[in-house]
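Q: give me the fold of what follows.
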Amino acid sequence: MQLDGTVCKPIKWTVVIAVIFGGLLLTGCDRRQESQPHPTVPEVSVITVEPQRLVLTTELPGRTSAYNIAEIRPQVSGLIQKRLFTEGSDVKTGQALYQIDPAPFQAALDNTRASLGKAEANLPAIRLRAGRYRDGLADKAVSQQDYDDAAAALKQAEAEIQFWKAAVEKVRINLEYTRITAPISGRIGKSNITEGAIVTAYQPMALATIQQLNPIYADVPQATTELLRLKRRQKDGHLNQQETDQNKVKLILEDGTAYPLEGTLQFRDVTVDSTTGSVILRIVVPNPEGILLPGMFVQAVIKEGVNEHAILVPQQGVSRDHKGNPFALVVDAENKVSLHMLTLDRTIGNKWLILAGLAPGDRVIVEGIQRVRPGATVKGIPFKEDGIKPATPENRTNGGA
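A: A predicted model of the protein is given here:
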């Protein structure tokens, strides 16, 4: 009996330990199962596509040029007696600029007037003689030849008077030309001659130059590729150019400030510059304060037209594949992710202008793109554009697709 009791005790303890160890293993498995996370649906930020009216503009560099330019040259030869203007000042039409010595022209005028007077003094006697010969011819008191000679002498005297009248007018005009005046109003530059200089009529070198600065031109080159793109987009219905202020143009000065007055697009040149592949746009800009000077660099903000149904998407919502093609991930009605290939136009502020690939009501993923793939189920929450400047109805071109 003692032997049997000794043998049974180790067996009982072994069973107890096995039961306890098994319970611990089961408890640990349950805890590991409870600690494993359940799969969750990823959240993404989305925006709902809503078309809007957008005025599209493009910003082109250019330079200003004078509205009118007049190079002052003498119309008669002579000696410059006086310069009658201040260099760099504004002059008016008809204002005297230079005075050429008028003495030789005054003497020539007096001489031609005297010759005219002499011819006019001889006319009455010759006219009377021709009248008498005409009467005598009727009575056959004079011959036909004598009458013909008297009549010819009368016509010659009358022609001589007309000649001297024309000569007097010519010399009078030359005398007036000795006072050189401004043909246009504007700002005159430096004088290229001084008093005492000898000038000749219509000489190659200008005495001075007058430039009309109010209004002033802004000449802007535009690439022909852009013109073709605009015409194609207008034909496709993406642009409406029937706006009342379509030809209004804003200018940005060299220091980045906006010029306060709007210009008017006057015309597009019809000749393409073969070296640059562009045409010139000429803009007429009011310049009452003289802020704009010829040759200044400006940026012209030109209106292309109005897109009545523009679709804008934040730039972070547009990705590109390995070939560089743009696409967006869209959440459908069943919260499934689908991939839409896009056709981009340009950036408007911090957004892309979409030409094709999205439709009104589409929910585009803006944040969380890296966590999802096409076909996945997601939970879309509205995207908040905190601190991001939205696109305005009028925007300048920042770039292309």
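
Q: please make it C-alpha for all contacts and neighbour counts, starting now.
A: OK.

Q: mind checking what helix or strand follows the helix of greatest length in the chain in sequence?
A: If you go by DSSP state H, the chain has its longest helix at helix 103-138. Tracing the chain past helix 103-138, the next element assigned as helix or strand by DSSP states H and E is helix 144-177.

Q: against which helices or strands is that following helix packed?
A: Using 3 or more CA pairs under 8 Å, 6 or more residues apart in numbering; DSSP states H and E as the contact test, the elements touching helix 144-177 are helix 103-138.

Q: buried residues in the helix it packs on, which are they?
A: By 16 or more other CA atoms under 10 Å, the buried positions in helix 103-138 come out as 105, 108-109, 112-113, 115-116, 119-120, 123, 126-127, 130-131, 133-134, 136-137.

Q: what angle separates that helix from helix 144-177?
A: 160 degrees (axes from the mean of the first three to the mean of the last three CA atoms, to 10 degrees).

Q: pLDDT (mean, whole number) over helix 103-138?
A: Averaging pLDDT along helix 103-138 gives 89.

Q: then stretch 273-289?
A: Stretch 273-289 carries an average pLDDT of 89.

Q: surely residue 213 and residue 188 touch.
A: No. Checked against CA atoms under 8 Å, the pair residue 213 and residue 188 is beyond contact range at 10.5 Å.

Q: low pLDDT regions in the stretch 51-200 of the chain?
A: Applying pLDDT under 70 to the stretch 51-200 of the chain flags no residue at all.

Q: domains of the chain?
A: Domain assignment of the chain by automatic domain parsing yields the ranges 44-55+308-395, 57-66+212-305, 74-101+178-205, 103-177.

Q: what residue is smack in the middle of this structure?
A: Nearest to the geometric centre of the chain sits residue 300, at 3.9 Å (CA atoms, centre = their mean).

Q: so that residue sits in a strand?
A: Yes. Under DSSP: H, G, I helix; E, B strand; the rest coil, residue 300 falls within a strand.

Q: quick one, phi/psi of the residue nearest to it when sequence neighbours are not counted?
A: Of all residues not flanking residue 300 in the chain, residue 251 sits nearest, at 4.7 Å (CA to CA, 6 or more residues apart in numbering). Main-chain torsions, residue 251, degrees, to the nearest 10: phi -120, psi 140.

Q: pull up the gap between residue 251 and residue 262, please.
A: Note on residue 251: its distance to residue 262, by CA to CA, to the nearest Å, is 7 Å.

Q: strands of the stretch 301-401 of the chain, residue ranges please.
A: With DSSP state E, counting those that start in this stretch as the criterion, the stretch 301-401 of the chain has strands at 319-320, 326-331, 337-341, 343-348, 351-356, 363-367, 379-382, 394-395.

Q: deepest in the core, which of those strands is it.
A: Most buried of these by mean neighbour count (mean count of other CA atoms under 10 Å) is strand 363-367; its value is a mean of 24.

Q: any idea how far the closest residue in space to residue 308 that isn't next to it in sequence is from residue 343?
A: Spatially, and ignoring its direct neighbours in sequence, residue 308 is nearest to residue 53 (4.4 Å; CA to CA, 6+ apart). To residue 343, residue 53 is 19 Å away according to CA to CA.

Q: same check on residue 136?
A: Residue 136 is 105 Å from residue 343, by CA to CA.

Q: what do you get for residue 51?
A: The value you get for residue 51 to residue 343, if CA to CA is used, is 16 Å.

Q: tell me the spacing between the closest residue to residue 326 other than its chain neighbours and residue 345.
A: Closest residue to residue 326 apart from its sequence neighbours, by CA to CA, 6+ apart: residue 320 at 4.3 Å. Distance from residue 320 to residue 345, counting by CA to CA: 15 Å.
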